[in-house]
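[1] Predicted model, plus sequence, below.
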Amino acid sequence: LKALPLGRAALWEHRREIGRPFDQLHRWCGREHSASAAELRAPTLALCRRWRAQAKPAGQEHSQDQKALRQRVAGLLAQALRGIDASPLMESQTHLPEWLVAVEVEAALWGLHGGAVGIAEYRQHARMLRANLTLKHNADLRANVLSGDVTVDKLVSMDSRHLAPKALQQARRSSELKQMRESTIEQLQRRHDDDSPPSARSPFDPS
């Protein structure tokens, strides 16, 4: 469990298969005094602390309006993780299901923006993520998110520049370097003209 990119939201979605059995294991480690319990006690406690620090999953929302909004966002993120072209990369057995990752991403977004307090920023950030994940040439990013190579926390911390496909990032970088070179040359030429003595400049010809 520690190696898998699973968080509080994923445990809630699979509370019967994973969440409740893990809770039982954690309780057992707390009350037993065997060597096995002692070996598992620290790892299970660390996982509990990590998950408790994460935002509450959408499914646990008491407000029906907020619950509906968050579940709708999770659905849109799941669609984005599939991609427009339904790339074969998405079918790899090393990847988690899109929906499971989407609920983790949504919960991280909700926590990042302070819940209902930052709901406008939450909506805007979700739209930005969806737009970039859906891009046809962003299959590598989608695959890295589904495999856990790009963690949920890292994903929600990335801006649109870093979410863009690699080819687009390189094109933007090349354009920026070109503009920097042109600006530097222009500044050097202007400085040279300003420092040149009057005699070196073109004479005034009234004809």
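    Yep, that arrived. Numbering: from 1, shown residues only.

[2] out of everything not next to it in sequence, what's closest to residue 67?
    With CB to CB, 6 or more residues apart in numbering as the measure, residue 61 is the residue that lies nearest to residue 67, at 3.8 Å, once sequence neighbours are left out. C-betas here are computed from N, CA, C, even on glycine.

[3] for that neighbour, phi and psi?
    Recorded main-chain torsions at residue 61 are phi -70, psi 140, according to degrees, to the nearest 10.

[4] Quick check, it in contact with residue 70.
    Yes. With contact defined as CB atoms under 8 Å, residue 61 reaches residue 70; the gap is 6.3 Å.

[5] more crowded one of the two?
    residue 70 (28 against 18; other CB atoms under 10 Å).

[6] what about residue 29, distance to residue 13?
    Shown here: residue 29 relative to residue 13, a distance of 24 Å by CB to CB, to the nearest Å.

[7] And the two? Which one has more around it.
    residue 13 (22 against 19).

[8] How confident was the prediction at the more buried one?
    pLDDT, residue 13: 84.

[9] Nearest residue to the middle of the protein?
    To find the centre residue of the chain, average its C-alpha atoms and take the closest one (CA atoms, centre = their mean): that gives residue 155, at 1.4 Å.

[10] is it true that that one touches residue 102?
    No. With contact taken as CB under 8 Å, residue 155 and residue 102 are classed as non-touching, separated by 11.0 Å.

[11] Helices of this structure, start to end?
    Ranges of helices within the chain are 8-13, 20-31, 35-52, 64-82, 98-112, 119-134, 139-147, 152-157, 160-163, 166-195, based on DSSP state H.

[12] Any chance you could give me the first one in CSV, C-alpha atoms only?
    Once side chains and other backbone atoms are set aside, the C-alpha atoms of helix 8-13 remain, and they are given as CSV (Å, rounded to 0.1, in the frame of the first residue of the first chain):
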residue,chain,number,x,y,z
ARG,A,8,-7.7,8.8,1.3
ALA,A,9,-10.0,9.2,-1.7
ALA,A,10,-9.0,5.8,-3.2
LEU,A,11,-9.6,4.1,0.2
TRP,A,12,-13.0,5.6,0.4
GLU,A,13,-13.9,4.4,-3.2
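
[13] List the contacts of that helix.
    Contacts with helix 8-13, where a contact means CB atoms under 8 Å, 6 or more residues apart in numbering, come from 18-19, 22, 51-52, 54-60, 99-100, 103-104, 106-107.

[14] and with 10 Å instead?
    Outside of helix 8-13, the residues within contact range by CB atoms under 10 Å, 6 or more residues apart in numbering are 1, 4, 6, 17-20, 22-23, 47, 50-60, 70, 74, 96-97, 99-108, 110-111, 152.

[15] Low-confidence ranges, this protein, go.
    Applying pLDDT under 70 to the predicted model, the residue ranges of the chain that meet it are 1-5, 84-94, 167-178, 182, 192-207.

[16] Mind doing that once more with 80?
    Within the chain, the stretches with pLDDT under 80 are 1-6, 14, 16, 18, 84-95, 116, 165-207.

[17] List buried members of the contacts of helix 8-13 by neighbour count.
    The neighbour count (16 or more other CB atoms under 10 Å) marks 6, 18-19, 22, 47, 51, 54-58, 70, 74, 96, 99-108, 110-111, 152 as buried among the contacts of helix 8-13.
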